[in-house]
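Undergrad: Structure for this input, please:
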Amino acid sequence: MPDETLLAEVAERLVRFRTRRGLTVEGAAEATGIDAERLAEAEAGTVGLSETELASVCAAYGVDLSEIFGGRVTPIQDYAGGA
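TA: Numbers count the residues shown, from 1 in each chain. Next up, the predicted model:
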């Protein structure tokens, strides 16, 4: 099961990085190939994205994976619940 505090922290960063790029959730979904509903859930902190999805987000938002996790090295299973 994902760490709820980590989900909330990542959710806030996902929103910040998306808006910094000037993208709506729908625009981000198109840019990342992730369903808009799933992306919105990740931004709400209710689900964790998979490693593949996070890689797509990083590429679309122009950020490094470590930035998504606040500069920490975090095992993906702690965020995505083993996804």
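Undergrad: so how many other residues sit close to D35?
TA: For D35, the neighbour count with other CB atoms under 10 Å is 11. Using the backbone N, CA and C atoms, a C-beta is placed for each residue, glycine as well.
Undergrad: do D64 as well
TA: With neighbours defined by other CB under 10 Å, the count for D64 comes to 10.
Undergrad: What strand or helix carries the residue nearest to it when sequence neighbours are not counted?
TA: Excluding the flanking residues, the one nearest D64 by CB to CB, 6 or more residues apart in numbering is C58, at 6.5 Å. Assigned by DSSP states H and E, C58 belongs to helix 51-61.
Undergrad: quick one: A44 and V10 touch, right?
TA: No - using CB atoms under 8 Å, A44 is not in contact with V10; the gap is 11.1 Å.
Undergrad: Show me which of these two is the more surrounded one.
TA: Remark: of A44 and V10, V10 carries more neighbours, 25 against 13, as counted by other CB under 10 Å.
Undergrad: in what helix or strand does the more buried one lie?
TA: According to DSSP H and E, V10 maps onto helix 4-20.
Undergrad: Can you tell me, leaving aside adjacent residues, what's nearest to the most centrally placed residue in the chain?
TA: Centroid check for the chain by CA atoms, centre = their mean gives L14 as the closest residue, at 4.9 Å. The spatially closest residue to L14, leaving aside those adjacent along the chain, is E43, at 5.0 Å (CB to CB, 6+ apart).
Undergrad: Which helix or strand in this structure has the lowest average pLDDT?
TA: helix 76-80 (a mean of 63; mean pLDDT, DSSP states H and E).
Undergrad: quick one on the thing from earlier: test my guess that the residue nearest to the centre of the chain contacts C58.
TA: No - using CB under 8 Å, L14 is not in contact with C58, being 10.6 Å away.
Undergrad: show me what contacts L39?
TA: By CB atoms under 8 Å, 6 or more residues apart in numbering, the contact set of L39 is 14, 25, 28-29, 32.
Undergrad: Filter the residues you listed down to the ones in helices?
TA: Among those, DSSP state H puts 14, 25, 28-29, 32 in helices.
Undergrad: now those as CSV including distance to G70 and pLDDT?
TA: Shown next, in CSV, are those (distance: CB to CB, whole Å; pLDDT from 0 to 100):
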residue, distance to G70, pLDDT
L14, 12, 97
V25, 22, 98
A28, 20, 98
A29, 24, 98
T32, 20, 97
